[in-house]
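# Need coordinates for the below:
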Amino acid sequence: MKKFKGISVFPGIVIGEAFVYDSAPPPVPRYFVRDEHVDKEINRYKEAVVRAKREIESLKDSHGDEETMGILDSHLLMLDDPEFSTSIEASLRDEQKNVEWVILDVSERYIKKLIAMDNEYFRDRVHDLRDVSNRLINHLLYRERLSLADVSREVVLVCHDLMPSEAIQMNKRYIRGIAMDAGGRTSHTAILARAFEIPAVLGLASITENVSSGQTVILDGTAGEIIVDPTDDVLAEYGRKMREFEEYTVDLLSLNELPAETKDGKRIFLKANIEVPDEIDSVIAHGADGVGLFRTEFLFMFSGRLPDEDKQYAAYRRVLESMKNKNVIIRTLDLGGDKVLAGVIDNLDEHNPILGWRAIRFCLSNVDIFKTQLRALLRASVYGNLSIMFPLVSSQQELLDALSILDDVKAELDAKSIPYDKNLRVGVMIEVPAAALTADILAQKVDFFSIGTNDLIQYTLAIDRGNEKVAYLYQPFNMGVLRLIRMTVEHAHRVGIPVSMCGEMAGDPLATLLLLGLGLDELSMSPASIPEIKKLIRSVSLNECEELAGTVLSMTNTGDVLRFVEKKMKELGVYGSEK
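Numbering: from 1, shown residues only. Okay, here's the model as predicted:
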């Protein structure tokens with residue numbers, strides 16, 4: 001028996017037969033061509049591009065969901081990229097190699113540049129480039145690709161990597177889990193696994209070297225672990241855990257129609273964070289009160305280009321109509337930092353992009369892009385209950401500038417008699433200490449706050465959350481962070497506006513009672529986390545939570561805070577679950 005630890009992408013326990021999928025292409029032929037045959041190789045390349053485009057368009061016709069269309073559109077853009085095509089043709093003429101060899105060489109040069117960039121998003125785009133080059137080579141050699149759509153029995157998919165087009169085509173009925181050597185939380189495989197609700201563990205490094213097709217494996221998507229050839233005792237243990245997890249999940253879903261309300265009547269709204277419109281089915285299935293954060297930058301990053309107004313409008317309208325009249329908070333574009341878009345915004349010239357030209361700063365510098373998104377949002381607002389939220393606001397002036405541009409867009413729509421929700425609410429994310437410290441000023445100009453703890457914690461503690469060397473310092477229960485949260489809530493409530501939290505802390509069961517005691521009105525998290533948080537809220541009184549928070553705020557040590565919260569939750573009978 002062997003155990004492997006990776007990155008948890010979607011929770012759940014799966015016990016099953018491993019299916020090891022080798023997506024690596026067969027060896028590419030390598031030979032030199034004469035001068036008079038170079039033009040023939042160039043024509044072969046152009047014909048392969050045409051066939052590859054035709055194949056991708058066919059995939060688009062059969063897979064109409066938003067994230068799939070975005071991925072395939074980005075592949076079409078790569079095929080149309082003049083720089084890539086020019087590099088291929090120049091290499092063919094200069095090196096006089098066969099076209100398959102040249103495509104492999106050129107794509108690997110680009111891939112090395114992407115890997116060298118200290119940016120997870122760029123590194124994850126390596127999959128797309130390899131996917132496109134493999135597709136071209138397969139067409140040149142007239143090779144059929146093994147399709148994961150043909151899987152016809154329940155398996156745990158084990159692979160080194162997974163090309164986006166392969167993930168799109170996989171048979172979701174029979175592929176019950178995914179274990180992968182490569183991949184991160186922002187990779188296409190991770191995003192698709194969450195959208196399809198398939199338990200998945202990525203970043204396992206060497207799982208393909210340690211498992212063969214047909215072996216029994218346990219995939220624990222909750223703990224981020226894979227067990228190969230489990231003993232009978234371990235198999236029995238995880239069989240019990242799997243049944244308990246399923247029973248617990250069913251039990252939690254029975255709360256869907258009930259409000260997240262404390263025993264003494266305090267209602268807390270539980271909403272969902274989403275990245276793509278197709279996640280709405282999961283939002284509804286898990287009983288969310290609405291969408292607390294729609295990260296719109298993924299509409300841009302999937303396609304690799306700026307989506308036009310109508311494309312954005314269609315995506316926003318779809319989410320709003322699906323949620324009927326439940327509130328949907330859509331965050332304006334948050335590109336920059338670790339989310340880049342080649343040709344539009346990158347961080348190649350920034351020494352510290354997380355502190356650089358990103359989010360509202362980028363939008364205020366690119367008013368045309370900002371206005372296009374705001375027009376699409378306003379046009380869609382008549383189809384549901386929309387709120388707009390500005391990210392990374394650090395001063396009143398930034399907020400005033402953003403509101404002014406929003407007013408300009410409203411005036412443009414009024415002039416054309418285009419309807420929009422005149423009562424639409426506008427809020428800001430509290431993500432930097434400056435925003436929390438001036439919350440009393442910002443609260444005068446907006447309808448709500450949403451605390452983004454992922455960034456607030458890293459900026460408050462001066463911690464790069466992607467740096468493993470200092471990861472131990474990334475502490476949501478740090479007293480500085482807790483005091484900023486409390487300060488933000490107090491200033492907001494003084495002027496009568498609600499406060500939500502949409503960072504990872506909002507979905508942490510250990511933090512739930514403390515957040516209620518600190519006065520949060522709404523919590524927004526991954527859809528699958530909602531039922532467990534709802535059960536916790538319904539198990540306690542607000543008075544108990546406020547007493548807990550009062551004691552915590554008088555403490556000085558993060559370790560003491562954690563130990564006290566755990567102890568108090570055990571006393572209340574809500575710490576630990578069957579999950």
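# Toward the C-terminus, what is the element adjacent to the helix or strand containing Ala236?
Assigned by DSSP states H and E, Ala236 belongs to helix 232-253. Per DSSP H and E, helix 232-253 leads on to strand 269-274 as the next helix or strand towards the C-terminus.
# what helices or strands is that following strand leaning on?
helix 280-285, strand 290-295, strand 327-331, strand 522-525, helix 530-537 (3 or more C-beta pairs under 8 Å, 6 or more residues apart in numbering; DSSP states H and E). (C-beta placed from N, C-alpha, C; glycine too.)
# picking that back up, now do the helix holding Ala236 and helix 530-537, the angle between them.
70 degrees (axes from the mean of the first three to the mean of the last three C-alpha atoms, to 10 degrees).
# How far does helix 232-253 sit from its chain's centre?
Mean C-alpha position of helix 232-253 versus that of the full chain (C-alpha atoms, centre = their mean, to the nearest Å) differs by 27 Å.
# longest helix anywhere in this structure?
If you go by DSSP state H, the chain has its longest helix at helix 38-62.
# Just the CA trace of whichever helix or strand comes after that one, in CSV.
Following helix 38-62 in sequence order, the next helix or strand is helix 66-80 (DSSP H and E). In CSV, the C-alpha atoms belonging to helix 66-80 read as follows (Å, rounded to 0.1, in the frame of the first residue of the first chain):
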residue,chain,number,x,y,z
GLU,A,66,-19.4,28.3,-21.2
GLU,A,67,-16.0,27.1,-19.9
THR,A,68,-15.7,24.6,-22.7
MET,A,69,-16.4,27.2,-25.3
GLY,A,70,-13.8,29.5,-23.8
ILE,A,71,-11.1,26.9,-23.7
LEU,A,72,-11.8,25.9,-27.3
ASP,A,73,-11.9,29.5,-28.4
SER,A,74,-8.4,30.0,-26.9
HIS,A,75,-7.1,27.1,-28.9
LEU,A,76,-8.5,28.7,-32.1
LEU,A,77,-6.7,31.9,-31.2
MET,A,78,-3.5,30.0,-30.9
LEU,A,79,-3.9,28.5,-34.3
ASP,A,80,-4.6,32.0,-35.7
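# In the longest helix of the chain, which residues are buried?
38, 41-42, 44-45, 48-49, 51-52, 55-56, 59-60 (16 or more other C-beta atoms under 10 Å).
# Can you spell out which helices and strands pack onto it?
helix 66-80, helix 82-95, helix 99-116, helix 126-140, helix 164-169.
# can you tell me which of those helices comes nearest to Ala511?
With C-beta to C-beta as the measure, helix 66-80 is the member of the helices and strands packed on helix 38-62 nearest Ala511 (29.3 Å).
# Now the closest one: average pLDDT?
Taken as a whole, helix 66-80 has a mean pLDDT of 78.
# Which strands and helices lie in contact with that helix?
Checking 3+ C-beta pairs under 8 Å, 6+ apart, helix 66-80 ends up next to helix 38-62, helix 126-140, helix 164-169, helix 188-196, helix 297-303.
# Redo these as TSV? Include mean pLDDT and distance to Asn256.
Listed next are the helices and strands packed on helix 66-80 as TSV, based on pLDDT from 0 to 100; distance: least, C-beta to C-beta, whole Å:
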stretch	mean pLDDT	distance to Asn256
helix 38-62	87	32
helix 126-140	83	36
helix 164-169	68	29
helix 188-196	73	20
helix 297-303	69	26
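# Pipe those helices into a markdown table and attach distance to Asp220 per row.
Listed next are these as a markdown table, based on distance: least, C-beta to C-beta, whole Å:
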| stretch | distance to Asp220 |
| --- | --- |
| helix 38-62 | 32 |
| helix 126-140 | 25 |
| helix 164-169 | 21 |
| helix 188-196 | 14 |
| helix 297-303 | 27 |
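# what does stretch 479-488 rub up against?
Stretch 479-488 is touched from outside by 430, 433, 435-437, 439, 449, 451, 453, 456-457, 460-461, 475, 499, 501, 514-515, 518-520, 549, 552-553, 555-558, 561, with contacts defined as C-beta atoms under 8 Å, 6 or more residues apart in numbering.
# Show me which residues of that stretch are buried.
479, 481-482, 484-488.
# now Leu114: how far from Leu129?
To Leu129, Leu114 is 7 Å away according to C-beta to C-beta, to the nearest Å.
# of all the buried residues of stretch 479-488, which comes closest to Lys3?
Val481 (33.4 Å).
# Name the SS class of that closest one, please.
Under DSSP: H, G, I helix; E, B strand; the rest coil, Val481 falls in the helix class.
# returning to what we had before: arrange the buried residues of stretch 479-488 in TSV, one row each, with pLDDT and distance to Gln444 as further columns.
Output for the buried residues of stretch 479-488, formatted as TSV (pLDDT from 0 to 100; distance: C-beta to C-beta, whole Å):
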residue	pLDDT	distance to Gln444
Met479	95	28
Val481	96	24
Leu482	97	24
Leu484	97	19
Ile485	97	20
Arg486	97	19
Met487	97	16
Thr488	98	14
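# Now distance to Val14 too, for those residues, in JSON lines please.
Shown next, in JSON lines, are these (distance: C-beta to C-beta, whole Å):
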{"residue": "Met479", "distance to Val14": "40"}
{"residue": "Val481", "distance to Val14": "35"}
{"residue": "Leu482", "distance to Val14": "37"}
{"residue": "Leu484", "distance to Val14": "40"}
{"residue": "Ile485", "distance to Val14": "37"}
{"residue": "Arg486", "distance to Val14": "41"}
{"residue": "Met487", "distance to Val14": "44"}
{"residue": "Thr488", "distance to Val14": "40"}
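# and the nearest residue to Phe84 once chain neighbours are set aside, what does it touch?
Excluding the flanking residues, the one nearest Phe84 by C-beta to C-beta, 6 or more residues apart in numbering is Met78, at 6.5 Å. Listed by C-beta under 8 Å, 6+ apart, the contact set of Met78 reads 84, 128-129, 132, 304.
# three-state assignment of Gln475?
Applying three-state DSSP: Gln475 is coil.
# residues in contact with it?
Applying C-beta under 8 Å, 6+ apart, one finds that Gln475 lies in contact with 457, 461, 481, 558.
# Of these, which is the most crowded?
Compared across the contacts of Gln475, Ile457 has the highest neighbour count, 24 neighbours, by other C-beta atoms under 10 Å.
# Contacts only, for that residue.
463, 465, 474-476, 478, 481, 503, 505.
# Recalculate using a threshold of 7 Å.
474, 476, 481 (C-beta atoms under 7 Å, 6 or more residues apart in numbering).
# Throw the residues you listed into TSV and include distance to Lys263, thanks.
Formatted as TSV, the contacts of Ile457 follow (distance: C-beta to C-beta, whole Å):
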residue	distance to Lys263
Tyr474	33
Pro476	25
Val481	28
